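> Provide a 3D model corresponding to the input given below.
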Amino acid sequence: MLKINNNSGLFDDITHYNSENCNNRPNNTIIDTIIIHCISLPAGSYDNQNIVDLFMNNLDINQDPSFESLKDVKVSSHLLIKRDGEIIQFVPFNLRAWHAGVSKHKEKENCNDYSIGIELEGTDKSNFTDTQYERLNEIIKSLKDYYPKIVDENIIGHNEVSPDRKNDPGPFFEWNRIKV
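Presented below is the predicted three-dimensional model:
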């Protein structure tokens, strides 16, 4: 089982990168939401370092024409689950990752303040792997144990908090495989 280190706010025994794209959460914030996203760079291309480079502000935008829109973009997520199930953490859970942007859930704005962002390597137009669902369930169980205010109703997609801008994780994401 994945364990959160109380001192660092990081999962033990996984790969960590320290993204600068984060900051402190507002005082007295209760973490009660998980937002699921998906990403691949370029879209549908896997097994490369482009997501890591984006979250670490090292993406070479000249590498692919689709990257031009990412010039000077500062984003991050707490976690990335790659197609093979590898988990990478970019931001400690006690800090605010920059994953949801302009967002609102249940009349609460600024979802980055009180949520944990999890990226799945993939697209909103394709299936995710069985291994990704297995790892996501591990993560969710650990987060719910550590943050008891996270309930199934607050495990949502990016499309639910930014419906005018985003549609991930998309129609191929199988919600019934994680909400147990």
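
> residue at max distance from the center of this structure?
The C-alpha centroid of the chain is most remote from residue 62, which lies 25.0 Å away (Cα atoms, centre = their mean).

> Pairing partners for the spatially most central residue of the chain in the sheet, please.
For the chain, the residue sitting closest to the mean C-alpha position, by Cα atoms, centre = their mean, is residue 118 at 2.1 Å. Assessed by DSSP bridges, residue 118 has beta-bridge partners residue 36, residue 79.

> OK, contacts around it?
By Cβ atoms under 8 Å, 6 or more residues apart in numbering, the contact list for residue 118 reads 34, 35, 36, 37, 77, 78, 79, 80, 81, 136, 139. (C-beta placed from N, C-alpha, C; glycine too.)

> Also residue 115?
With contacts defined as Cβ under 8 Å, 6+ apart, residue 115 is in contact with 31, 32, 33, 34, 35, 99, 100, 105.

> how much space is there between it and residue 48?
Note on residue 115: its distance to residue 48, by Cβ to Cβ, to the nearest Å, is 27 Å.

> For the residue lying closest to residue 95 once chain neighbours are set aside, give me phi and psi.
Computed as Cβ to Cβ, 6 or more residues apart in numbering, the closest residue to residue 95 that is not its neighbour in sequence is residue 22, at 4.6 Å. As for residue 22, its main-chain torsions (degrees, to the nearest 10) stand at phi -160, psi 170.

> I'd say residue 22 and residue 75 touch.
No. The pair residue 22 / residue 75 is not scored as a contact, 10.1 Å apart, by Cβ atoms under 8 Å.

> hey, what's in contact with both of these two?
residue 98.

> In the beta-sheet assignment, what are the partners of residue 4?
Counting by DSSP bridges, residue 4 is bridged to residue 11.

> need the contact list for it.
10, 11, 12, 93, 142, 143, 146.

> Mind putting the residues you listed into CSV with neighbour count and pLDDT?
As requested, the contacts of residue 4 are exported to CSV (neighbours: other Cβ atoms under 10 Å; pLDDT from 0 to 100):
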residue, neighbour count, pLDDT
10, 19, 97
11, 23, 98
12, 10, 96
93, 22, 98
142, 16, 97
143, 22, 98
146, 16, 97
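
> now, among the residues you listed, which is nearest to residue 157?
The closest of the contacts of residue 4 to residue 157 turns out to be residue 143 (Cβ to Cβ; 16.1 Å).

> so what's the closest one up against?
Per Cβ under 8 Å, 6+ apart, neighbours of residue 143: 4, 34, 93, 116, 150.

> ok, 10 Å please
By Cβ atoms under 10 Å, 6 or more residues apart in numbering, the contact list for residue 143 reads 2, 4, 11, 31, 34, 78, 79, 93, 116, 118, 150, 155.
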